[in-house]
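Novice: Make a model of this:
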Amino acid sequence: MNNPILIQRLQQALGYTFIRAELLTQALTHRSYGSINNERLEFLGDSVLNCTVARALYDVFPGLPEGSLSRLRANLVRQETLADIAITLRLGETLRLGEGELKSGGFRRPSILADALESLFGAVFLEAGFDQAAAVVRRLFDPLLAQIDPKASGKDAKTQLQEWLQSHRQPLPEYRLVGTEGEAHDQNFIVECVLGKLALLTRGVGKSRRAAEQEAARQACEALQK
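Specialist: As a prediction, this is how the structure comes out:
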């Protein structure tokens, strides 16, 4: 098992404490570490996540049609969103990875983080049932649900910016990682979004490079709308 302090902190952040320690260990074990890993749990967790988010959107936005609900759900359950949540949980610090993945920074890789988060949902489902697993999902996703504007397209900021530029026959943006700040286990990434032809530069900060890019793109969208 990993550092007990890190494991306890993770469970507190999830709002759920495992009874079966081996199930939690499996959820945190990448396939590079051994044959008993989290791939099957990730399969279960993906289903729990999609169903829970779908029900939440159905309840929160009773007037939205099926197509709009589907777009919102896709935006919420995509890899980037899951990885950002995993970063806020500091999930990467608790993962069991093979030597190669450790050396290549696998604990920061969005795909590994996203899969591990879904594996945790699957592990809670196996141990305590759907309602408890759904409660964990809602605890993590309710802040994101609260930020949704049902009148918006549901597209992320980078997509919106790209579509605006293409519709106005402008070159695509350039995203530059200009630095990081904070300790290695709690870093913030700083990214610039450069629109050279429009003489516009915005800067975003986030817990992952992708999150920082999204923030920089969001600021660029706001500037262009003005």
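Novice: Report whether L76 is found in a strand, as I expect.
Specialist: No - assessed by DSSP: H, G, I helix; E, B strand; the rest coil, L76 does not belong to a strand; its assignment is helix.
Novice: Report the separation between L200 and L161.
Specialist: Distance check for L200 against L161: by C-beta to C-beta, to the nearest Å, it reads 10 Å. Just so you know, the C-beta spots here come from the backbone N, C-alpha and C atoms, and that holds for glycine as well.
Novice: tell me the domain ranges of this structure?
Specialist: For the chain, the domain assignment from automatic domain parsing gives the residue ranges 4-146, 157-225.
Novice: Could you tell me the least trusted of the ones you listed?
Specialist: The stretch with the lowest mean pLDDT among the domains of the chain is domain 157-225, which comes in at a mean of 90.
Novice: Same list (the domains of the chain) but as TSV, adding mean neighbour count.
Specialist: Converted to TSV, these look like this (neighbours: other C-beta atoms under 10 Å):
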stretch	mean neighbour count
domain 4-146	17
domain 157-225	16
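Novice: list residues touching both of L200 and L161?
Specialist: Between them, L200 and L161 share the neighbouring residues 220, 224, with contact defined by C-beta atoms under 8 Å, 6 or more residues apart in numbering.
Novice: now stretch 160-179: how far from the chain's centre is it?
Specialist: Relative to its parent chain, stretch 160-179 has a centroid offset of 22 Å by C-alpha atoms, centre = their mean, to the nearest Å.
Novice: Three-state assignment for G204, please.
Specialist: strand.
Novice: can you pull out the helices in the protein?
Specialist: Taking DSSP state H to define them, one finds helices in the chain at 4-14, 21-27, 39-60, 66-77, 79-88, 99-103, 110-128, 130-146, 157-167, 209-225.
Novice: And those helices: which comes nearest E174?
Specialist: Comparing the helices of the chain by their distance to E174 (C-beta to C-beta), the top pick is helix 209-225, with 10.6 Å.
Novice: how many degrees apart are that closest one and helix 157-167 in direction?
Specialist: 40 degrees (axes from the mean of the first three to the mean of the last three C-alpha atoms, to 10 degrees).
Novice: what's in contact with helix 209-225?
Specialist: Outside helix 209-225, the residues within contact range by C-beta under 8 Å, 6+ apart are 80, 83-84, 87, 110, 156-158, 160-161, 164, 173, 175, 177, 188-193, 195, 198, 200, 202-206.
Novice: wait, what's in contact with the closest residue to K207 other than its chain neighbours?
Specialist: When the adjacent residues along the chain are set aside, K207 lies closest to I87, with 4.2 Å between them (C-beta to C-beta, 6 or more residues apart in numbering). I87 makes contacts with 113, 207-208, 211, as judged by C-beta under 8 Å, 6+ apart.
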